[in-house]
Every structure is written in C-alpha cells, then in structure tokens.
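S.K.: Coordinates only, no sequence provided:
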C-alpha cells in the first residue's frame, strides 16, 4: 500500500508565489482580537546566500542544509490607530529527516522574534505542522491547502511554564493569480 502523503518539498513548491492573507488573532489573556491584511511573497532562497550562511554560522550545528525559503510580508493591522503598514521577512531553512519530517531553522520565530529551531512534519491530511519552542512560549502552526490557490493557517501560542493558551490565530491565504 502506497501512502498518499505530500512531501515537504511538494508542499513548499505549491506554496511559492504571492498571497493575500486575511488573519484574525485572538489574545486570550487580554480578551482582545486583531484583524490583519497582508501581502505575502514566498520564494526559494539560495542555500549559499549570505543570509543563509549567516544563520548556519550562528547556529553552528546544522552542516547539511537541504533548501531554504524567504517569506516577505507587508501587513496592515486594525490594531494601530495610524493604520500604517509593516514590512518584514523571515528565512526558513529546511533540514529534512526523510520526505515528511525534519528540522526547520528560522532566523526569527513566530511567537518570539528570536532565531529558533523547530520540528516539522506533513501529516496524512497533507497538513504542514510546525512545533517551535522559544524562551517562554511554545507555538504550534498548521498550514494546509483548501484548494490549489487557497491555504488555511492556524496557530496557537502557549505559555511554556504552565501550557496555558495565550493566543490563537487563523488566516486564509489566497494566491495572486497571474493574468
């Protein structure tokens, strides 16, 4: 019996491109929510680029890198009264341990903006799962395709000390189609 799983490389190949993201974030401790609209660009990053080599040298523990991606975003949040946009990017380096799981190195994390090493795997529903442990928090992210041009992303951030849920978010990402 052959498994009908998506490999990490296939998942990333499907994710390359420009996306519009509509995200709702719920901060449970303060009983507040934030809506954010973003433009995301996901592209492959040269594994020999200066940025990737800097991350590799900083961590000094992952000599065999497989591939890397660069995620750029420009976000506008209703959280701020100025309604100004924020631009940033993150580099993700994949170190597979087989076709469906491995280690993910990020130059800045999702829950805490520090370099981090995460575990990832693709499950039988073709969902990309990322588990990250930071200084004070743990984040769990799930990303899956609803169709070829629509992705869904869910995340939860927990307190590392007592496993209490601090924040949840859900995003719908729609691919920009070239016309």
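M.R.: In hand now; what should we look at? Owing to the predicted nature of the structure, the values given are computational and were not obtained by experimental measurement.

S.K.: In this structure, mark out all the strands, start to finish.
M.R.: 17-27, 32-45, 67-77, 85-96, 101-106, 116-122, 128-133, 137-147, 150-159, 165-175 (DSSP state E).

S.K.: other SSEs contacting the longest one?
M.R.: The contact analysis (3 or more CB pairs under 8 Å, 6 or more residues apart in numbering; DSSP states H and E) places strand 32-45 against strand 17-27, strand 67-77. In this view, the C-beta of every residue, glycine as well, is placed from N, C-alpha and C.

S.K.: Pull the distance from the last one to the chain's centre.
M.R.: How far strand 67-77 lies from its chain's middle: 9 Å, per CA atoms, centre = their mean, to the nearest Å.

S.K.: what lines up beside that strand in the sheet?
M.R.: If you go by DSSP bridges, strand 67-77 pairs up with strand 32-45 (antiparallel), strand 85-96 (antiparallel).

S.K.: Quick one: the ones you listed as CSV, columns for mean pLDDT and distance to residue 25 too.
M.R.: Converted to CSV, the strands paired with strand 67-77 look like this (pLDDT from 0 to 100; distance: least, CB to CB, whole Å):
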stretch, mean pLDDT, distance to residue 25
strand 32-45, 94, 5
strand 85-96, 88, 14
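
S.K.: what residues are up against the closest residue to residue 97 other than its chain neighbours?
M.R.: Closest residue to residue 97 apart from its sequence neighbours, by CB to CB, 6 or more residues apart in numbering: residue 103 at 7.1 Å. Contacts for residue 103 (CB atoms under 8 Å, 6 or more residues apart in numbering) come out as 62, 94-95, 97, 117-120.
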